[in-house]
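Chemist: Got a predicted model here, sequence first, then my questions.
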2 protein chains.
Amino acid sequence: MSIVNTGYRAVPEQVTLSRSALRHADGSAVRVLVVDDESTLTELLSMALRYEGWEVRGASNGQSAVETARSFQPDVVVLDMMLPDMDGLAVLRQMRTQVADVPVLFLTGKDALEDRIAGLTAGGDDYVTKPFSLEELVARLRALLRRVGMTAVRDDAVMTVGDLTLDEDSHEVRRGGDLIELTATEYELLRYLMRNAKRVLSKAQILDRVWRYDFGGQANVVELYISYLRKKIDAGRRPMIHTMRGVGYVLKPAP
Amino acid sequence: MSIVNTGYRAVPEQVTLSRSALRHADGSAVRVLVVDDESTLTELLSMALRYEGWEVRGASNGQSAVETARSFQPDVVVLDMMLPDMDGLAVLRQMRTQVADVPVLFLTGKDALEDRIAGLTAGGDDYVTKPFSLEELVARLRALLRRVGMTAVRDDAVMTVGDLTLDEDSHEVRRGGDLIELTATEYELLRYLMRNAKRVLSKAQILDRVWRYDFGGQANVVELYISYLRKKIDAGRRPMIHTMRGVGYVLKPAP
DNA sequence: GCAGAGTCTCAGAATCGTCTCAGTGCGCTC
DNA sequence: GAGCGCACTGAGACGATTCTGAGACTCTGC
């Protein structure tokens, strides 16, 4: 895990996000199969998804991916298109013979090859390009699971905190009825804050989840984007975003 | 233990805080593995954590850390990033092969090296920078354990003493429903007092637990912060913070 | 290739938190 | 009841953190 960087000092943090996991009707945890040959990425993903409360299994090549799919019977698969032994589409095809209709989230490199997977989203699958942010990846997975009807405990496309709502399907954000336009980064930051409403999040945590895993820039982007969000969401209203000096930020319903 | 600080004379102290330890369902104590090559720090930590009622094992290098992890099967690990033989992340990886999913609290030096650990909080692990205060470290450990579902005897994110409540997730403090804003130091001091409600704490004890272990300043900071806290918590109410002249302070429910 | 939007860096300004110092008050002991 | 210490608190210095404006750079769509 020599992945990322940037300079945040540790800061008193709550790392207590025991989030209520998305579940099967019978109460067992969601099962995710992660297939990637970069072991650091697989580790990072596994940790993040376990943290999400899900059960994770990993595979580093197409061969074992197919085998694991058979025995593990995952609810969703994260699949790198670039595997050493097999083409991603071949893996997909074989995997579907083992687990009919599993939704798949493809990981693709930057540009190129886009055409190879164009058409895939038509089948309900989806893809993200590397490097991605963990929040983005998790959001996509949740969307896939939602689509397959893994409705689960109160997992809705619409999130609400006080008079603030965020619709994951339409990307629409409203505060007290007013539509608010956000850029992609602002949106991701807000979603993360909302998913963890009333919980203090350190800048390090925010950076780790909302920014791409290879982000190497200045740490104060977080402050910057918090200030953008405030202008759009809190302007002229009871503030919902609060600074906890030396600790981090919290979003909570205005009193 | 030539670590610590400043000029409080030894003073009649209660060293009897047999606090109800966070436990496994079966009643056995929480197991913590502390890995650091500075033996003074390891000792300081071990004492503090045993005092917490936990079972502690120490290791001074990566090699033995991994071995100890295997045999000891800790519930949580405190791991210095700077070890003589191995990189902290390498230790983490090997340790995880021995004890799947143990949460880890990393210790890092000031800045620098930060790059090696960015991304870690994403998986639910956490870190503190040296020099830290013992209360902060313990709070983080408790948060990690809480997250892993080591729920145990009444260990909640919300603490209550009389009509005073403190929420460790949101950092929210209320007295009789009124929200009270505290600075970071005030908050830590209050948490310590609440964790030891009805117990007299000497200024030396408070200094040792709430201030960083290298604090070298004037001893009357404690008095100062107690007075800040009184203004915010006791103002105009039945006082909860009491001075025991020549002994220390107690926090207890207003009668 | 140009315009516009979005993202990020940098640096200065504003704000806030921490701690020291010193004076005052108050309780305890004799 | 007097005197001595301990405790409390106001003022202010200092340092750290956070905020924000200006601008560079990148990417996209036309």
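Modeler: Looks like it came in fine. Numbers count the residues shown, from 1 in each chain, chains lettered A, B, ... in the order given.

Chemist: The residue of the stretch 1-150 of chain A found nearest chain B: what's its closest spatial neighbour, skipping adjacent residues?
Modeler: For the stretch 1-150 of chain A, the residue closest to chain B is A:Met47, as judged by Cβ to the nearest Cβ, at 2.7 Å. To be clear about C-beta, it is placed using only N, CA and C from the backbone, and glycine gets the same treatment. Excluding its sequence neighbours, the residue lying closest to A:Met47 (Cβ to Cβ, 6 or more residues apart in numbering or on different chains) is B:Gly123, at 2.7 Å.

Chemist: go on, A:Leu33?
Modeler: Nearest to A:Leu33 is A:Pro74, by Cβ to Cβ, 6+ apart, at 3.9 Å.

Chemist: ok, back up a step: which ones are touching the residue nearest to A:Met47?
Modeler: A:Leu44, A:Ser46, A:Met47, A:Ala48, A:Arg50, A:Tyr51 (Cβ atoms under 8 Å, 6 or more residues apart in numbering or on different chains).

Chemist: Go again with 7 Å.
Modeler: Going by Cβ atoms under 7 Å, 6 or more residues apart in numbering or on different chains, B:Gly123 touches A:Met47, A:Ala48, A:Tyr51.

Chemist: Those in helices, which ones?
Modeler: Using DSSP state H, the members of those that fall in helices are A:Met47, A:Ala48, A:Tyr51.

Chemist: buried subset of those residues?
Modeler: Buried subset of the ones in helices among the contacts of B:Gly123 (neighbour count, 16 or more other Cβ atoms under 10 Å in any protein chain shown): A:Met47, A:Ala48, A:Tyr51.

Chemist: Next up, the contacts around A:Ala139.
Modeler: For A:Ala139, the contact set (Cβ under 7 Å, 6+ apart) comprises A:Glu168, A:Arg191.

Chemist: can you do 8 Å?
Modeler: By Cβ under 8 Å, 6+ apart, the neighbours of A:Ala139 are A:Glu168, A:Glu188, A:Arg191.

Chemist: Same check on A:His171?
Modeler: A:Tyr187.

Chemist: Which pLDDT value goes with it?
Modeler: pLDDT for A:His171: 94.

Chemist: what's the answer for A:Asp178, then?
Modeler: You'll see A:Asp178 listed with a pLDDT of 94.

Chemist: Burial check on it, number of neighbours?
Modeler: Residues contacting A:Asp178 under the criterion other Cβ atoms under 10 Å in any protein chain shown number 10.

Chemist: Could you do A:Arg174 as well?
Modeler: A:Arg174 has 14 neighbours, counted by other Cβ under 10 Å.

Chemist: That one contacts A:Val161, correct?
Modeler: No - at 11.5 Å, A:Arg174 and A:Val161 do not qualify as touching, with contact defined as Cβ atoms under 8 Å.

Chemist: and A:Ala139, what helix or strand is that in?
Modeler: In this structure, A:Ala139 sits in helix A:134-147 according to DSSP states H and E.

Chemist: For that helix, buried residues please.
Modeler: The neighbour-count check on helix A:134-147 (16+ other Cβ under 10 Å) flags A:Leu134, A:Glu135, A:Glu136, A:Leu137, A:Val138, A:Ala139, A:Arg140, A:Leu141, A:Arg142, A:Leu144, A:Leu145, A:Arg146 as buried.

Chemist: got those as CSV, with pLDDT columns?
Modeler: Formatted as CSV, the buried residues of helix A:134-147 follow (pLDDT from 0 to 100):
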residue, pLDDT
A:Leu134, 96
A:Glu135, 96
A:Glu136, 95
A:Leu137, 96
A:Val138, 95
A:Ala139, 95
A:Arg140, 94
A:Leu141, 94
A:Arg142, 92
A:Leu144, 91
A:Leu145, 91
A:Arg146, 88
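
Chemist: does A:Ala90 sit in a helix, a strand or a coil?
Modeler: For A:Ala90, the secondary structure call by DSSP: H, G, I helix; E, B strand; the rest coil comes out as helix.

Chemist: Now do stretch A:34-49: distance to the chain's middle.
Modeler: 13 Å (Cα atoms, centre = their mean, to the nearest Å).

Chemist: Return the set of buried residues in it.
Modeler: A:Val34, A:Val35, A:Asp36, A:Leu41, A:Thr42, A:Glu43, A:Leu44, A:Leu45, A:Ser46, A:Met47, A:Ala48, A:Leu49.

Chemist: three-state assignment of A:Glu223?
Modeler: Three-state call for A:Glu223 (three-state DSSP): helix.

Chemist: so which strand or helix has the closest residue to A:Phe72 other than its chain neighbours?
Modeler: Nearest non-adjacent residue to A:Phe72, counting by Cβ to Cβ, 6+ apart: A:Arg57, 4.9 Å away. Counting by DSSP H and E, the element that carries A:Arg57 is strand A:55-59.
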